[in-house]
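Participant: Below: sequence and its predicted model.
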Protein chains: 2
Amino acid sequence: MRTADYRQVNITGGFWKALQDKVATVSLYNVYEQFKETGRFDAVKCIRNDERKPHIFWDSDVAKWLESAAYVLAKRKDERLTALVKEAVADICANQLPCGYFNSYFQVYEPENIFKKRTEHELYCAGHLIEAAVALYEAGVDEALYRAMLRYADYIYERFYEKKDAGFYTCGHPEIELALVRLADCSGEKKYLTLAVYFLEERGKHGEETYDFTYPVYHLDRCPVREMREAEGHAVRALYLYIAVADAAQRLQDAQLAETARRLFADIVNKKMYVTGGVGSSFHGETFTFPYDLPNIFAYGETCAGIALALFCDRLAKLEPRAEYHAVFERVLYNNVLAGMSADGKGFFYVNPLEMHAALYDYNEGLRTKLYCPLPERVEVFDCSCCPPNLTRFLSEIGNYLYGEEDGTVYVEQYVTSEAELCGVKLCVQSDMPYAGAVRIRTAGSGALKLRVPAWSGGIAMKVNGQAAKADVAEGYIGLAVSGDTEIELTFAMQPRFVYANKSVWYDAGRKAVEYGPFVLCAESCDNGADLSAVRIPSLDGAKQTEGSFFTLEVPAQRLQTENGLYAYAPPVPQPFLLKLIPYFCWANRGKGDMQVWWL
Amino acid sequence: MRTADYRQVNITGGFWKALQDKVATVSLYNVYEQFKETGRFDAVKCIRNDERKPHIFWDSDVAKWLESAAYVLAKRKDERLTALVKEAVADICANQLPCGYFNSYFQVYEPENIFKKRTEHELYCAGHLIEAAVALYEAGVDEALYRAMLRYADYIYERFYEKKDAGFYTCGHPEIELALVRLADCSGEKKYLTLAVYFLEERGKHGEETYDFTYPVYHLDRCPVREMREAEGHAVRALYLYIAVADAAQRLQDAQLAETARRLFADIVNKKMYVTGGVGSSFHGETFTFPYDLPNIFAYGETCAGIALALFCDRLAKLEPRAEYHAVFERVLYNNVLAGMSADGKGFFYVNPLEMHAALYDYNEGLRTKLYCPLPERVEVFDCSCCPPNLTRFLSEIGNYLYGEEDGTVYVEQYVTSEAELCGVKLCVQSDMPYAGAVRIRTAGSGALKLRVPAWSGGIAMKVNGQAAKADVAEGYIGLAVSGDTEIELTFAMQPRFVYANKSVWYDAGRKAVEYGPFVLCAESCDNGADLSAVRIPSLDGAKQTEGSFFTLEVPAQRLQTENGLYAYAPPVPQPFLLKLIPYFCWANRGKGDMQVWWL
């Protein structure tokens, strides 16, 4: 399957238009200010300043910001933003070494160690710069960085592939692989794909340097890529690698690599993913751990890992359009990923827990030697601030993930109010999602459509040109042939429903979460008072939407009341009350408090 | 209330006789061998050996072992044990400095720092040596160490109280305070009580050196002792301090100190104690944390803290005989404390979690940089091996905690098969506890009795001299006057019952534990298979005792079965099975596996 490019998709209204506007006008500028203030944009000027030494991964922050700006500028004129992009690009280009190399940390502070330290993100930064360059070039914003990065890629090719004189074979943090595939696609130069595949194939064969945490799993070196059976190691690194595996599988028509990608996906979604789509449950190394280990309070579920999972779903869908891939894409997008940003577009979560106890956080904050504890409120910048620009770029290019085509059939994967044209069929989608299940699709032209049935759908009502029609569902898609001007009215029944975790997820056993459409719902103490853990929802009958700061579902529930002491022989007494649930992604926008997803 | 001294109590049969025999013949020798092998007994010879430098607290290990031996030798002849005691005592006495000081670490390795480092357990070691000396002296085993420790105590008195020229005011690890009270009681010398009270009163007034963990709480320096309102800091240190507070309150008839002790006890039992009686829920600094923070998997609940809580209960009972104190004593003794030792008497737990997932432990063991994770099986010695000799001494002196007297009334607090004489009344107790509720008490002589009704009792049947009699219960005790030879047959109804945690204990909300008599029960995967977290016990009807490696209760239960994937909209299906429950203290005696206390 080929998916539509965001440039060919216009998001014209609704939830996503509003969100993208916020990203373009608030988030992107705010991230810029934070990065400016912390010295990230000064770093690429490559002036040595030992008092303000850049982190080894700062280039990637700048790159992801540039990539975000590319997507924004492809769709809207913004002279100030264009100027900021041009300035940063000029700084990078001006300081690129004659050989093509660019890294604002190594060339300034450790030139003797260029391409010698595997674990220090050098090719990771290169990968993000390449992605930014391609994005700016394809958006028609800038060509200079693209030219510069072609030269950088050539230099990497020379050192790692031709001469093989670098100090390592594969980068500690995958990213270069998928970036090179993208560069090969854009430039038509096969050598970049060759290099990407080389990086993939060399991994796990050389006993390379790695960190301590979960050695040798952390850096994905336990075995050659083709032998990987379980998702493990640092979640973002793992998923960036898996994306490249799927990319290579498609480009090379390599069935073994495709099977590897599918196997890793299955391991993730069947054993290692939060109900929010969050992945990488351990803060210790930011890693995948072992099956069913999904702690709620001390969760990790990094925003970047969620984005990476969504990208991996997209790549798998490109290998083979299966509804499951976009169902997981939808789950992680509307829950784990969106939770990464605050309602005002300025604050970000790196970590996305499924349960928050403010008392626990406060206790930990009071310690001199603190333990790991997720934050109860979003912040504007992190020391390792990978997630904010990753969110701004991903949300700005969401148009890439809505439509696909295969063998002349048009796939509608995500229902977003937008316009596009594929296989000679013009599509104009008006979607009430994510808060309601009605979609109106007007098409012009003739062709075959496949419309994905959301996994949460409780039933389908369809009209074609005003006439009720039976939805012909096969493998998760409604199949439909259109010709001439056609109006399809679809309603996917959206009602709150319980979702249950596998019995082996010990943190959730005997509990249930509530979903509404694509959303996993949560409740906060600011709406519901304390002791959320003792709240039981016997049934969702009587649930109804109500007023609130966000979409709010009021559900008849019970709080288990107990005697004053710590232990009692008298059973708890259920006290009825109305529990207010909001989408998980909306939590933590109203001050510090308790939050919960899984209910008795 | 004055409690009977273990020397006046003969434990003649049943559960405790068997346990004490095991401690005397197996545990004590095994701990000796481990300590010998690790160099602890060589260290007190005070020969410098930089390759085998002793830990700063090793003297306390030797001291607790000596104290254990004292209690054993008071009751049984054992020439080998006596010889080992004499040898260690001789080594200590031979190396005591002329001033009276003894510390096998400081005087050999850091003589320049004697009494200069508050956090390094110097007075803690002194306290344990004093306790050992008193125990050996009172047991009639040895007088040399007693004489030596009187001189050491005098030296401490001189330096800390008279000259005040030591480098700190109070020791980082309380113990010296309660030891000095004990020395004052034994010697009749008031100055030791004066010094104990001085150490108590100076605490929290000087901003003294402390560790990082939970500064300034860790070392109990946040406020003067009399102002303490909440149990906090390192749990063992805290409880040893609180014991001394209660001791001082009784000796000085100080109502404010008594109130302080009662307030701290109430804070512990109402907000910070596991259902097993375990306390100090955090591994991070081995500390009390904040109300209702009682994690099951990552619990701490150190064995030593449990012993200290039991001792604190005893001291509070001495201030005022309230049934609650011995109810908590019973809870912590039969659960948290007994769990500290393996069934064979050789292995020990430092940490006592309420839930074990072997997969989690195995995963962590596979990491190069490990996280904190409780052990799934007991070990014979720890690097910091405070718990093993603390258990051997406490279990060997259990006779101290059975009987009391106040104003001519004899209290029976714990029902242990034993003989004693108090207030001119001879008591001969035949107890079926802890596994059954029947007790036969034969008395000779005239007096008033108060027989504690266990908190778990589901009803009382009583006969006096063969005749049914109504139990006259007031404030948790059966009041009874006896004269001449009297036979009292008591049966406290013992049946399994659910116990529920306060709604604010988020880890246990919606769950229940099962108790049987004094025991909290648990289940292990070796008896019950995997996925214990998904086990529901709807009712205890139909529960019955059955064959097993330990006392085993078979309860009709359900395992919630789920579909294969990670999340499903279909509710779990309860699958009936018979759950085998055993006393919590018996867990982890049959290999590594899963264990659980709290049930759906």
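Facilitator: That came through fine.
Participant: quick one: the closest residue to residue A:14 other than its chain neighbours from chain B, how far?
Facilitator: Closest residue to residue A:14 apart from its sequence neighbours, by C-beta to C-beta, 6 or more residues apart in numbering or on different chains: residue A:417 at 3.7 Å. Backbone N, C-alpha and C define where each C-beta goes, glycine included. Look at residue A:417 and chain B: by C-beta to the nearest C-beta, to the nearest Å, they are 27 Å apart.
Participant: now swap in residue A:348 and tell me
Facilitator: 26 Å.
Participant: Do I have it right that that residue meets residue A:384?
Facilitator: No: between residue A:348 and residue A:384 there is no contact, the gap being 11.7 Å when judged by C-beta atoms under 8 Å.
Participant: between those two, who's got more neighbours?
Facilitator: residue A:348 (28 against 13; other C-beta atoms under 10 Å in any protein chain shown).
Participant: near chain B, which residues of the stretch 501-600 of chain A?
Facilitator: Residues of the stretch 501-600 of chain A lying near chain B by C-beta under 8 Å from any C-beta of the partner chain: A:501-507, A:509-512, A:530-534, A:536, A:559-572, A:600.
Participant: repeat for the stretch 101-250 of chain A
Facilitator: A:212, A:213, A:214, A:215.
Participant: In contact with residue A:423, which residues?
Facilitator: Residue A:423 makes contact with A:405, A:408, A:409, A:410, A:447, according to C-beta atoms under 8 Å, 6 or more residues apart in numbering or on different chains.
Participant: One more pass at 6 Å, please.
Facilitator: For residue A:423, the contact set (C-beta atoms under 6 Å, 6 or more residues apart in numbering or on different chains) comprises A:405, A:408, A:410, A:447.
Participant: What about the first one, how many residues nearby?
Facilitator: Spelled out, that is residue A:405. Residue A:405: 20 neighbours (other C-beta under 10 Å).
Participant: Distance check, residue A:190 against chain B.
Facilitator: Using C-beta to the nearest C-beta, we find residue A:190 at a distance of 39 Å from chain B.
Participant: what do you get for residue A:129?
Facilitator: According to C-beta to the nearest C-beta, residue A:129 stands 31 Å off from chain B.
Participant: who touches the helix or strand in which that residue is found?
Facilitator: Using DSSP states H and E, residue A:129 sits within helix A:122-138. Applying C-beta under 6 Å, 6+ apart, the contact partners of helix A:122-138 are A:59-60, A:63-64, A:66-67, A:70, A:103, A:142-143, A:145-146, A:149, A:171, A:173, A:175-176, A:179, A:182-183, A:186.
Participant: What pLDDT does the model give the residue nearest to residue A:14?
Facilitator: pLDDT, residue A:417: 98.
Participant: how far away is residue A:112 from chain B?
Facilitator: Separation of residue A:112 from chain B (C-beta to the nearest C-beta) stands at 29 Å.
Participant: again with residue A:165
Facilitator: Taking C-beta to the nearest C-beta as the measure, residue A:165 falls 30 Å from chain B.
Participant: Can you tell me how far the nearest residue to that residue once chain neighbours are set aside is from residue A:200?
Facilitator: What sits nearest to residue A:165 in space, not counting adjacent residues and going by C-beta to C-beta, 6+ apart, is residue A:159, at 6.1 Å. With distances taken as C-beta to C-beta, to the nearest Å, residue A:159 is found 17 Å from residue A:200.
Participant: Compare the two and say which is more crowded by neighbours.
Facilitator: Taking neighbours as other C-beta under 10 Å, residue A:159 and residue A:200 compare with residue A:200 leading, 26 against 18.
Participant: Backbone dihedrals for that one, both of them.
Facilitator: phi -60, psi -50 (degrees, to the nearest 10).
Participant: do residue A:491 as well
Facilitator: Dihedral angles for residue A:491 - degrees, to the nearest 10 - are phi -130, psi 120.
Participant: burial measure for it, as a count.
Facilitator: 17.
Participant: coming back round to it: among the residues of the stretch 501-600 of chain A next to chain B, which ones are in strands?
Facilitator: A:501, A:512, A:536, A:559, A:560, A:561, A:567, A:568 (DSSP state E).
Participant: Which single one of those residues is nearest to residue A:264?
Facilitator: Lowest distance from residue A:264 to those (C-beta to C-beta) belongs to residue A:501, with 21.1 Å.
Participant: Top of the residues of the stretch 101-250 of chain A next to chain B by number of neighbours, please.
Facilitator: Neighbour max across these (other C-beta under 10 Å) = residue A:214, 25 neighbours.
Participant: For that residue, list the residues it contacts.
Facilitator: Taking C-beta under 6 Å, 6+ apart as the test, what residue A:214 contacts is A:285, A:287, B:367.
Participant: Quick check: residues of the stretch 351-500 of chain A near chain B?
Facilitator: A:359, A:363, A:367, A:368, A:369, A:371, A:497, A:499, A:500 (C-beta under 6 Å from any C-beta of the partner chain).
Participant: Just the element for the first one, please.
Facilitator: When secondary structure is defined using DSSP H and E, the element that contains residue A:359 is helix A:358-366.
Participant: Against residue A:50, how distant is residue A:237?
Facilitator: From residue A:237 over to residue A:50 (counting by C-beta to C-beta), the distance is 29 Å.
Participant: Okay then, goodbye and thanks.
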